[in-house]
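In: Attaching a predicted model along with its sequence, questions to come.
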Amino acid sequence: MVLGLLGTAILAGCSAGGEPKGEAEGKLERVLESLPVLFPTVPIELGADGRVAKVAGFPSKTIDALAEDLTGNPLFGRIVYMDQDALAWLDRRDIQHLTVALQPEGILLLVNGMPLPSLAWEGESLDNLVDLLGKLSDDGSTAFHLISTEGQASVAALVPAISKLNLQLDILLPDLPEEGASPRRKIATPTRRQVRSLIARQADGPGEASAVQQLDLAVHYEPVSLKGKVTGWVPSFAGFSTVDLQRMLRGMQLDRGGKLKIPQLMLRKDLQQRLALEGIKQAGLEMREEGLFVEINGKQLPHLAWDEDRLSNLSSLLEQLYPEDEALPDEALWVPALRDTAPTLNDYDLRLRVGFPLN
């Protein structure tokens, strides 16, 4: 939600009035750079209707009027950011505030002051992300696309601004009289010092090397042909593709009734087309003690950073939101698996490499 608000502000700034693009972006950058000085911590209060009621103590109507004078567009408008059912559910679970800390090193997320796994970046990983989204944007063909050209342009404009910010946003959820404990025990929002301490600890990386379970996996997609024509790409592990395994099964006469079938797991045609067009030859996924890392063609992307405390907090938060003695809604059937495994994710060193054909 917060990133959406910031994106709205940036897009509004970039299209302000009839100013040339360079001047508008320069003004926007100066405004963004001044935000941490004016408001090192910005409380955003949501009302019982799910709309933004106050920002940094100012009524949202006042902020909207100022934004409209500067850019021609209101910043918040009448958007409902969280419906009343969601607000009631969070109040019953005693979720009082969410903190999003936008830092030059990444984006931290805290719930009730508890730090959770967060998004981190270093070196050229943000630029690599923008470049990848450009490759996966809609080019008008039938090939797979992840984002529209307008969305990719918005991300490209947003990234330089986010990577310079040092801003803490505390989203304060309403205390609904008819929901949860009343009055509820107030939980303090995290201080700037606590946030910077988390960033410093994240930069230091893990402490003493601990015994972890190591596993390296390499999967290669290879083209499969029918009557001399390539029909698609199928995965191959240890030199055997899914097609090879099916042939072996038949050759060993283990499938005389024709009932045993190994799924080919053929890659989607539109995704195959996109990977080939953009020359994406390899993707890597690595789960380490300090987080989850992704790279494409050897280029590192922003990663998910964690440590033992954050993973334990994630498990505790899921238990708080979805108690074991209550039935899970259909959209939350994944919760028990993540809740139970989260504290152990940093006990493994897993590497997965996936290769794709060159043509």
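Out: Right, received. Where do you want to start? Being a predicted model, the structure only gives us computed values, none of them experimental.

In: hey, where'd the strands end up in the stretch 1-150 of the chain?
Out: Applying DSSP state E, counting those that start in this stretch to the stretch 1-150 of the chain gives strands spanning 41-46, 52-55, 58-59, 97-103, 106-111, 114-115, 118-120.

In: again, but for the stretch 251-359 of the chain
Out: Counting by DSSP E, counting those that start in this stretch, the segments of the stretch 251-359 of the chain that form strands are 282-288, 291-296, 299-300, 303-305, 348-355.

In: Highest mean neighbour count out of those strands?
Out: Among the strands of the stretch 251-359 of the chain, ranked by average contacts under mean count of other C-beta atoms under 10 Å, first place goes to strand 303-305 (a mean of 20). (Glycine included, C-beta is placed from N, CA and C.)

In: Okay, the residue minimising distance to the centre of the chain and Glu105: tell me how far apart.
Out: Computing the C-alpha centroid of the chain and ranking residues by C-alpha atoms, centre = their mean puts Leu119 first, at 7.0 Å. Using C-beta to C-beta, to the nearest Å, Leu119 is found at 10 Å from Glu105.

In: Same question for Leu245.
Out: In terms of C-beta to C-beta, Leu245 sits 45 Å off from Glu105.

In: what packs against whichever strand in the chain runs longest?
Out: Counting by DSSP state E, the longest strand found in the chain is strand 213-226. If contacts are counted by 3 or more C-beta pairs under 8 Å, 6 or more residues apart in numbering; DSSP states H and E, strand 213-226 sits against strand 229-237, strand 348-355.

In: Would you map the helices across the stretch 51-200 of the chain?
Out: Counting by DSSP state H, counting those that start in this stretch, the stretch 51-200 of the chain has helices at residues 60-71, 84-92, 125-135, 149-162, 192-204.

In: Reformat those as CSV; add mean pLDDT.
Out: What follows is those, written out as CSV (pLDDT from 0 to 100):
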stretch, mean pLDDT
helix 60-71, 80
helix 84-92, 93
helix 125-135, 94
helix 149-162, 86
helix 192-204, 84
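
In: Might you list the low-confidence residue ranges for the stretch 151-300 of the chain?
Out: 205-212, 251-259 (pLDDT under 70).

In: swap the cut-off to 80 and go again
Out: 161, 180-183, 202-213, 248-261 (pLDDT under 80).

In: Val294 against Gln282, yeah?
Out: No. Shown here, Val294 and Gln282 do not form a contact pair, counting by C-beta atoms under 8 Å, at 11.6 Å.

In: okay, Leu245 and Glu105: which has more neighbours?
Out: Glu105 (18 against 15; other C-beta atoms under 10 Å).

In: Quick check: the more buried one touching Gly123?
Out: No. Using C-beta under 8 Å as the test, Glu105 is too far from Gly123 to be in contact (11.2 Å).

In: what sits against Leu146?
Out: The contact partners of Leu146, by C-beta atoms under 8 Å, 6 or more residues apart in numbering, come to Leu133, Leu136, Ser137.

In: Which pLDDT value goes with the second one?
Out: pLDDT for Leu136: 94.

In: circling back: quick one: the closest residue to the residue nearest to the centre of the chain other than its chain neighbours from Ala101, how far?
Out: Leaving out its chain neighbours, the residue that sits closest to Leu119 by C-beta to C-beta, 6 or more residues apart in numbering is Ile107, at 4.6 Å. Using C-beta to C-beta, one gets 7 Å for the distance from Ile107 to Ala101.

In: who has more neighbours, these two?
Out: The neighbour count for Ile107 versus Ala101, taken as other C-beta under 10 Å, is higher for Ala101 (26 against 18).

In: Quick check: that one vs Leu119, distance?
Out: Counting by C-beta to C-beta, the gap from Ala101 to Leu119 is 11 Å.

In: overlap in contacts of those two?
Out: Common neighbours of Ala101 and Leu119 (criterion: C-beta under 8 Å, 6+ apart): Ile107.

In: Quickly list what Pro223 is bridged to.
Out: On the basis of DSSP bridges, Pro223 is bridged to Trp233.

In: Now do the same contact list for it.
Out: Contacts of Pro223 by C-beta under 8 Å, 6+ apart are Val230, Gly232, Trp233, Pro357, Asn359.

In: Against Phe58, how distant is it?
Out: In this view, Pro223 and Phe58 are 60 Å apart by C-beta to C-beta.

In: Could you do Arg288 as well?
Out: Arg288 is 43 Å from Phe58, by C-beta to C-beta.

In: and what of Ala88?
Out: 27 Å.

In: out of those two, which sits in the more crowded spot?
Out: Higher neighbour count among Ala88 and Phe58: Ala88, with 16 against 10, using other C-beta under 10 Å.
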